[in-house]
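In: Build me a model from this:
(one chain, ligands or ions: 1)
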Amino acid sequence: MTKNKMWGGRFGGAPAEIMEEINASIAYDQRLFAQDIAGSRAHCQMLAATGILSDDDAQTILQGLDQIEQEIERGKFKFSRELEDIHMNIEHRLHELIGPAAGRLHTARSRNDQVATDFKLYVREAIDQIVAQLDELLAALVEKAEAHADAIMPGFTHLQTAQPVTFGHHCLAYVEMFARDKSRFLDARARLNESPLGAAALAGTSFPIDREMTARALGFDRPTRNSLDSVSDRDFALETMAAAAISAVHLSRLAEEIVIWSSKGFEFVALSDSFTTGSSIMPQKRNPDAAELIRAKAGRIIGGLNTLLIVMKGLPLAYSKDMQEDKEAVFDVLDNFSLALVAMTGMIGDMVPRREQMRAHAGAGFSTATDLADWLVRVLGLPFREAHHVTGEIVAMAEQAGRELSELSLEQMQKVEPRITEDVFSVLSVENSVASRTSFGGTAPENVRKMAQHWRKKLAQS
Ligand code: ARG
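Out: Numbers count the residues shown, from 1 in each chain. Take a look at the predicted model:
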């Protein structure tokens, strides 16, 4: 028996222990077993259909693959680091099970097109799962938006009170973001869905294979058009991770708002026991750990995208072993993104907005100053710049007096602008302020209700 388990023909000696350690990917690519077996089945059936492989051999191989799949699913399969990766582990076991016919499966195929195929299948399944999870998150947000379409809260810019908005409108802002994220994943899926199988090592093959057939069998739209590109590119993984990174940024921003909203200074929302933790020393505490961890996951996910971008950037065509480093980054990104998504959905579902508390904050900080300026423009015909100035003086006066705008008297306001009438009070309340914002995309409760309905219908269709 040769000392080298994998490359017996060419190699007299075994790899150094450290070579085996740096080279082996089986510890993590065993995750690809189902995709690897699916790819092998499709390849084997195609080899038989094209007469490259006898029907008998094909049958034997397919039975062997079935058995291996069961062994792995039942935890009975012994993965070996010496055999490097999932492809060689399965092929080796096939040989043990069915003998020399196993050696015919690799005709007209290389591990390079094999791994690209497996990995695409894996990423495609992950995208499908993520899209379903994004739908759940969208539904949870739309539900909150509808229930609180008229709950008034302060809208911020620079985290300073700007203008009153509604909680429902705020929820729907995230619906827009996550819906775009979903479409990014679907775009990535559409571009990914071409089969690299049959590109072989890098140049294609001299065997009369049928790439259309394997593509169809594996649910791909068509075979890839260039063998070099097929084995050397990982942009499908990059694009999927980029979609995850962008969406993770959205998750992180929402998580940050939840951290702020649930803090003592705000108390805009109450979080459930299920998504918070206590402190080991301070009995009064309820910490928004899930939100904080979601916020942190974004860093890790962006890091994973960066990892693969940097791995890929200097590689000449076609395959280089560097590309084996794609998997851990992708698995880590997809696992953690999916976890963060599901946790966020749970947290949103449980979250209870404190409407009075939000309403009280919404009126503070002269949040209707813009409404006052708009009134001066609309009713008195002042140019907006002048109205802005007059309002500024009235705000300064209110600040001096320690009052809100609606608490000033008409006489006080008339000292700044004598033409102001009683009617001005109709725009100084936060209720009137939000109700007046009926421009398309604005925060008026009636808009929010309509928009929430639009999303509910859309989600029901998807
Ligand atoms: N385990 C390898 C990977 O993940 C499979 C491809 C190996 N190909 C090669 N030519 N060494 O990339």
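
In: so who does the residue lying closest to His106 once chain neighbours are set aside touch?
Out: Of all residues not flanking His106 in the chain, Glu91 sits nearest, at 6.8 Å (C-beta to C-beta, 6 or more residues apart in numbering). In short, each C-beta sits where N, CA and C put it, glycine included. Contact analysis of Glu91 by C-beta atoms under 8 Å, 6 or more residues apart in numbering lists 102, 105-106.

In: Mind giving me the ChimeraX select for the residues you listed, buried ones only?
Out: Paste this into ChimeraX to select the buried members of the contacts of Glu91, with burial taken from 16 or more other C-beta atoms under 10 Å:
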select :102,105
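
In: Pick the one among the contacts of Glu91 closest to Val342.
Out: Among the contacts of Glu91, Leu105 lies closest to Val342 (C-beta to C-beta), at 38.1 Å.

In: Pretty sure the closest one sits against Ser40.
Out: Yes - between Leu105 and Ser40 there is a contact at 6.2 Å, judged by C-beta atoms under 8 Å.

In: Quick check: neighbours shared by the two?
Out: Ile61.

In: In contact with Arg124, which residues?
Out: So Arg124 contacts 189, 192-193, 219 (C-beta under 8 Å, 6+ apart).

In: element containing it, please.
Out: Using DSSP states H and E, Arg124 maps to helix 111-147.

In: Pull out the buried residues from that helix.
Out: Neighbour counts over helix 111-147 (16+ other C-beta under 10 Å) mark 111-124, 126-127, 130-131, 133-146 as buried.

In: do the same with stretch 386-403
Out: 387-388, 390-391, 394-395, 397-398.

In: same check, this time on stretch 448-462
Out: Buried, per 16+ other C-beta under 10 Å, within stretch 448-462: 448-449, 451-452, 455.

In: Against the ligand, which of those residues make the cut? List them.
Out: Checking the buried residues of stretch 448-462 against the ligand by C-beta under 6 Å from any ligand atom, not one of them is in range.

In: Make TSV out of the residues you listed and add pLDDT.
Out: Shown next, in TSV, are the buried residues of stretch 448-462 (pLDDT from 0 to 100):
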residue	pLDDT
Val448	98
Arg449	98
Met451	98
Ala452	98
Trp455	98
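
In: Tell me which residue of the stretch 301-450 of the chain lies closest to the ligand.
Out: Gln324 (3.8 Å; C-beta to the nearest ligand atom).

In: ok but that residue is inside a helix, no?
Out: Yes - per DSSP: H, G, I helix; E, B strand; the rest coil, Gln324 lies within a helix segment.

In: Make 49 the first number, not 1, from now on.
Out: Sure, I'll start numbering at 49, so the last one becomes Gln372.

In: can you count the residues close to the residue nearest to Arg79 when sequence neighbours are not counted?
Out: Nearest residue to Arg79, sequence neighbours excluded (C-beta to C-beta, 6+ apart): Phe379, at 6.5 Å. Phe379 has 17 neighbours, counted by other C-beta atoms under 10 Å.

In: what's downstream of the helix or strand containing Val223, the next helix or strand?
Out: Per DSSP H and E: Val223 is located in helix 215-240. Note on helix 215-240: by DSSP H and E, the next helix or strand toward the C-terminus is strand 242-243.

In: elements contacting whichever helix or strand comes after that next one?
Out: Going down the chain from strand 242-243, the next helix or strand is helix 259-265, by DSSP H and E. Under the contact definition 3 or more C-beta pairs under 8 Å, 6 or more residues apart in numbering; DSSP states H and E, helix 259-265 sits against helix 81-97, strand 242-243, strand 270-271.

In: Just the CA coordinates for helix 259-265, please, in PDB.
Out: Only the C-alpha atoms of helix 259-265 are listed here, as PDB (Å, rounded to 0.1, in the frame of the first residue of the first chain):
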ATOM      1  CA  ARG A 259     -24.100  19.900 -19.500                       C
ATOM      2  CA  GLU A 260     -27.700  21.000 -20.100                       C
ATOM      3  CA  MET A 261     -28.800  17.700 -18.600                       C
ATOM      4  CA  THR A 262     -26.800  18.100 -15.400                       C
ATOM      5  CA  ALA A 263     -27.800  21.800 -15.100                       C
ATOM      6  CA  ARG A 264     -31.500  20.800 -15.400                       C
ATOM      7  CA  ALA A 265     -31.200  18.000 -12.900                       C
END
